[in-house]
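>>> after the sequence you'll find the predicted model.
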Amino acid sequence: MNGDFISLRPSDAQPPDDDEPPMVTVTRPRPTQVEAFYRGIERGTFKSRRAQVYVGLRDLGISTANEVFEYLKESRHFKLRYDSNTRARLTELRDLGYIREVGKRACRITGQMCITWEVIPASEYAGVAVEVRCPTCNQIVERVVPVARRPIR
């Protein structure tokens with residue numbers, strides 16, 4: 001050692017313990033999870049932030065992320081001063097196939113041009129987004145979001 005610095009050589013690295021369980025990431029919801037999500041929304045039993053964002057968007061109709069956040073703050077009496085990851089939940093909901101992007105317009109809250117979102121009813125659910133990854137670095141280069149036909153009204 002020289003001073004406060006520790007020098008590690010590649011040979012000093014320890015292999016991971018075999019006792020540790022492998023990391024498992026669930027990327028596709030099971031059909032029962034999709035049914036449970038919609039059933040919970042219908043019953044009003046939404047506990048997760050994701051479900052709260054979905055219900056806020058459903059209540060508002062076509063809206064921006066900031067509009068959904070402000071609505072949730074006012075109607076659900078959230079004691080939040082800043083957007084507590086509403087945008088991240090919208091992206092998750094899109095990738096899970098529960099909502100879709102429908103265009104852009106000036107946000108009523110910020111005045112900036114923003115993406116608008118709408119909910120996808122259970123009858124139009126088409127599945128989750130498929131991630132296309134770079135074969136070299138494994139980064140996501142594209143998300144293919146399935147689109148169901150809207151019923152003729």
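On my side now, so go ahead. Keep in mind that this is a model prediction, so the values were computed, not measured.
>>> from now on I want contacts and neighbour counts done on CA atoms only, so please keep to that.
OK.
>>> leaving out the residues flanking it, which one is nearest to residue 108?
Leaving aside its sequence neighbours, residue 108 sits nearest to residue 67 (CA to CA, 6 or more residues apart in numbering; 6.9 Å).
>>> quick check: mean pLDDT of the helix or strand hosting that neighbour?
Using DSSP states H and E, residue 67 maps to helix 65-75. Across helix 65-75, pLDDT averages out at 88.
>>> show me what it is packed up against.
With contacts taken as 3 or more CA pairs under 8 Å, 6 or more residues apart in numbering; DSSP states H and E, helix 65-75 sits against helix 49-60, helix 86-96, strand 113-119.
>>> rebuild these as CSV, extending it with mean pLDDT and distance to residue 43.
What follows is the helices and strands packed on helix 65-75, written out as CSV (pLDDT from 0 to 100; distance: least, CA to CA, whole Å):
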stretch, mean pLDDT, distance to residue 43
helix 49-60, 88, 11
helix 86-96, 86, 19
strand 113-119, 95, 17
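>>> how about the ones you listed in TSV, adding distance to residue 144 and mean neighbour count?
Below are these laid out as TSV (distance: least, CA to CA, whole Å; neighbours: other CA atoms under 10 Å):
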stretch	distance to residue 144	mean neighbour count
helix 49-60	21	19
helix 86-96	9	19
strand 113-119	17	19
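>>> relative to residue 130, which of these is closest?
helix 86-96 (8.1 Å; CA to CA).
>>> could you dump that closest one to PDB, C-alpha only?
Below are the C-alpha coordinates for helix 86-96, written out as PDB (Å, rounded to 0.1, in the frame of the first residue of the first chain):
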ATOM      1  CA  THR A  86     -44.300   9.600 -12.400                       C
ATOM      2  CA  ARG A  87     -42.500   9.700 -15.800                       C
ATOM      3  CA  ALA A  88     -40.700   6.400 -14.900                       C
ATOM      4  CA  ARG A  89     -44.000   4.700 -14.000                       C
ATOM      5  CA  LEU A  90     -45.500   5.900 -17.300                       C
ATOM      6  CA  THR A  91     -42.600   4.400 -19.200                       C
ATOM      7  CA  GLU A  92     -43.000   1.100 -17.300                       C
ATOM      8  CA  LEU A  93     -46.700   1.100 -17.900                       C
ATOM      9  CA  ARG A  94     -46.100   1.600 -21.700                       C
ATOM     10  CA  ASP A  95     -43.500  -1.200 -21.800                       C
ATOM     11  CA  LEU A  96     -45.900  -3.500 -20.000                       C
END
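>>> much appreciated, bye for now.
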